[in-house]
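> what's the 3D shape of this:
(one chain, ligands or ions: 1)
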Amino acid sequence: MKEIIPSPPPIVRNDAAAVQALFQKHVVPSYARFEIALSHGSGSHVFDVAGKRYLDFGGGIAVTALGHAHPAITEALVEQSRKLVHISNLYYHESQGRLAEALVNLIGPGKCFFCNSGAEANEGLFKLARKVGHDDGRFEIITALNSFHGRTLAGIAATGQEKVKKGFEPAVQGFRHVPYNDLEAVRDALSPATIAVLIEGIQGEGGVMPARPEYLLGLRRLCDEKKLLLLMDGVQDGHFRTGRFQSFQRILESGAGPGEGASASPSATDRSLAALEGTGFLPDAISMAKSLGGGFPIGAFWVRAPYADVLGAGTHGTTFGGTPLGCAVALKILEVVRNENLAGNARNMGEFLKSGLEELSRRYPAIIQSVRGLGLMIGVELAPDIPRLPGQSHRTQAIRFVNLLHTAGLLTIPSGAQVLRLLPALNLRAGEAEEGLKIIGSVASKLAG
Ligand SMILES: *Cc1c(COP(=O)(O)O)cnc(C)c1O
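Predicted coordinates:
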């Protein structure tokens, strides 16, 4: 791996309170932020404005695939910005074509559309599905309970969580939610108006819940049988996070042991798993964003034949989609991931972290109930009723635990009320993984009293 040289400390004139005051005065209060004001970073570490160092296991919510201030990203940004930053999609430029080619090679035959965020990538999938179903009056998309698909009006309609919808009615029509990992529930929810099913391979905001291999294969069969599109939201679990480019590739991989797979019946799964890779499973379209640009905002969707040309000229677009700058960065990240085998690293570091966390769960069962996930997308389910330490006022256990980890120098992301989420950089080093486990262990030990 390339050596990451820490940048010099910035001018430390602004303190956290001054930064927070600026936000209180001028920034829409739509986020409940943690009391941390960050200033700079290097690799898997970030520093706050007072100079305190944190190990970053949140990765900006699965975004900073190569960590912070990676020299290859900096170089790609600088080099490309000297040539062309933006041209609009009225013209061709090589790197958008090259990036589409690279994504197609990683997924399967098809085509790509570029945009700027996960919500926008999903919006593209909704429009694709509606266009496909338009002439026979089909428009309904079935999604999962506890899913997350973004914050636009259609995104919150697609999201299977009431809290994101409240106050924004009337909802965009045509979405129905069913329990995740339940094939029969999808079958029961079908109507003559159904055109598509949309799921995450691993529910991220829903507490890091991986799809069972049987569920994915069953959905594919059901969608083929009923002439529906199978859409996958790969915004969070994609881009090598699980050890393969897309999470379904990892979930359906032969040799995924019972500890790594999500199945409740490991023996039956083991037997059928060898056959799964040969099934050639592919969804009809996949949305991507987050890690795709490693922090530079870029989103995309991939779509296969016979749907790849459905969105013809004039049907869809966005000013900033697939700019020369965004594509140069995304291509550079793919190059680094390949050259440094970061897919393998995500797999190995993920297994290391997971077994370390399982060890902590055995040692502190009253604090850590269970651990799940694939590669570097890990959910730590906290035990119910962990005692509060004095001064801990936050509502959810997840937030209280995350705050204790902050004090101890580790950034993580809460997922729901009970789950701690780890989404570190794909180039996380063994020493950093150990450091993180040590910090989580120290907080668990403190809470266990
Ligand atoms: C983050 C996320 C989105 C939304 O992406 P934005 O870039 O925030 O719009 C959509 N789906 C999933 C699964 C996500 O994790």
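
> Would you confirm that residue 285 contacts residue 232?
Yes. Assessed by Cβ atoms under 8 Å, residue 285 is found in contact with residue 232 at 7.5 Å. (Glycine included, C-beta is placed from N, CA and C.)

> Report the buried residues of stretch 89-105.
89, 93, 95-96, 99-100, 102-104 (16 or more other Cβ atoms under 10 Å).

> and it, how far from the chain's centre?
Centre-to-centre, stretch 89-105 and its host chain are 23 Å apart (Cα atoms, centre = their mean, to the nearest Å).

> contact partners of that stretch?
80, 84, 87, 110-112, 114, 288, 300, 302, 317-319, 321-322, 324, 327-328, 330-331, 334 (Cβ atoms under 8 Å, 6 or more residues apart in numbering).

> what's the distance between residue 31 and the ligand?
Going from residue 31 to the ligand by Cβ to the nearest ligand atom, to the nearest Å gives 12 Å.

> Now the buried members of the contacts of stretch 89-105.
Applying 16+ other Cβ under 10 Å to those flags 80, 110-112, 114, 288, 300, 302, 318, 321-322, 324, 327-328, 330-331, 334 as buried.

> Among those, which ones are in helices?
80, 324, 327-328, 330-331, 334 (DSSP state H).

> between the residues you listed, which is closest to residue 399?
residue 330 (32.6 Å; Cβ to Cβ).

> which ones are touching that closest one?
Here residue 330 is in contact with 99, 292-294, 296, 298 (Cβ under 8 Å, 6+ apart).

> Against residue 100, how distant is it?
Note on residue 330: its distance to residue 100, by Cβ to Cβ, to the nearest Å, is 10 Å.

> helices or strands up against the helix or strand hosting residue 351?
Element membership for residue 351 (DSSP states H and E) is helix 342-363. Packing contacts for helix 342-363, counted by 3 or more Cβ pairs under 8 Å, 6 or more residues apart in numbering; DSSP states H and E, involve strand 368-374, strand 377-382, helix 430-448.

> mean confidence score for that helix?
Mean pLDDT, computed over helix 342-363, is 98.

> ok, and for it, which residues are buried?
Buried residues in helix 342-363 (16+ other Cβ under 10 Å): 342-343, 345-351, 353-354, 356-357, 360-361.

> next one: stretch 38-58
In stretch 38-58, counting by 16+ other Cβ under 10 Å, buried: 38-49, 54-58.

> contacting residues around residue 48?
Residue 48 neighbours (Cβ under 8 Å, 6+ apart): 16, 36-39, 54.

> And those residues, which is the shakiest by pLDDT?
residue 16 (91).

> Isn't that residue up against residue 50?
Yes. With contact defined as Cβ under 8 Å, residue 16 counts as touching residue 50 (6.5 Å).

> quick one: low-confidence ranges for the stretch 301-449 of the chain?
Along the stretch 301-449 of the chain, no part satisfies pLDDT under 70.

> Swap in 80 and give it another go.
Scanning the stretch 301-449 of the chain for pLDDT under 80 picks out the ranges 394.

> That one against the ligand: which residues are in contact?
Contacts of the stretch 301-449 of the chain with the ligand, taken as Cβ under 6 Å from any ligand atom, are absent.

> Identify each of the helices in the stretch 101-250 of the chain and give its residue range.
118-133, 153-158, 162-165, 183-189, 213-226, 247-251 (DSSP state H, counting those that start in this stretch).

> which of those is buried the deepest?
Most buried of the helices of the stretch 101-250 of the chain, by mean neighbour count (mean count of other Cβ atoms under 10 Å): helix 247-251, with a mean of 26.

> hmm, that helix touching the ligand?
No. Applying Cβ under 6 Å from any ligand atom, one finds helix 247-251 separated from the ligand by no less than 10.4 Å.

> which residues are contacting that helix?
200-202, 210-213, 216, 232, 234, 237-238, 241-244, 256, 261-262, 281, 283, 374-375, 377.

> Sort out for me which of those residues are in strands.
200, 202, 210, 232, 374, 377 (DSSP state E).

> The last one reaches residue 236, doesn't it?
What it means is residue 377. Yes. Using Cβ under 8 Å, residue 377 is in contact with residue 236, at 7.3 Å.

> Now do the contacts for the residue of the stretch 51-200 of the chain found nearest the ligand.
Per Cβ to the nearest ligand atom, residue 118 is where the stretch 51-200 of the chain lies closest to the ligand, at 2.2 Å. Contact analysis of residue 118 by Cβ under 8 Å, 6+ apart lists 149-150, 233, 235-236, 287-290, 299.

> same thing but 7 Å
Residues in contact with residue 118 (Cβ atoms under 7 Å, 6 or more residues apart in numbering) are 150, 235, 287, 289-290, 299.

> among those residues, who's most crowded?
Counting neighbours by other Cβ atoms under 10 Å, residue 287 comes out on top of the contacts of residue 118 with 31 neighbours.

> just to revisit the earlier point, what is the nearest of the buried residues of helix 342-363 to the ligand?
Out of the buried residues of helix 342-363, the member with the shortest distance to the ligand (by Cβ to the nearest ligand atom) is residue 346, at 16.8 Å.

> measure stretch 23-42 end to end?
The straight-line separation of the ends of stretch 23-42 (Cα to Cα, to the nearest Å) is 25 Å.

> before we move on, what about stretch 17-37?
9 Å.

> Can you give me the buried ones in that stretch?
Neighbour counts over stretch 17-37 (16+ other Cβ under 10 Å) mark 19, 36-37 as buried.
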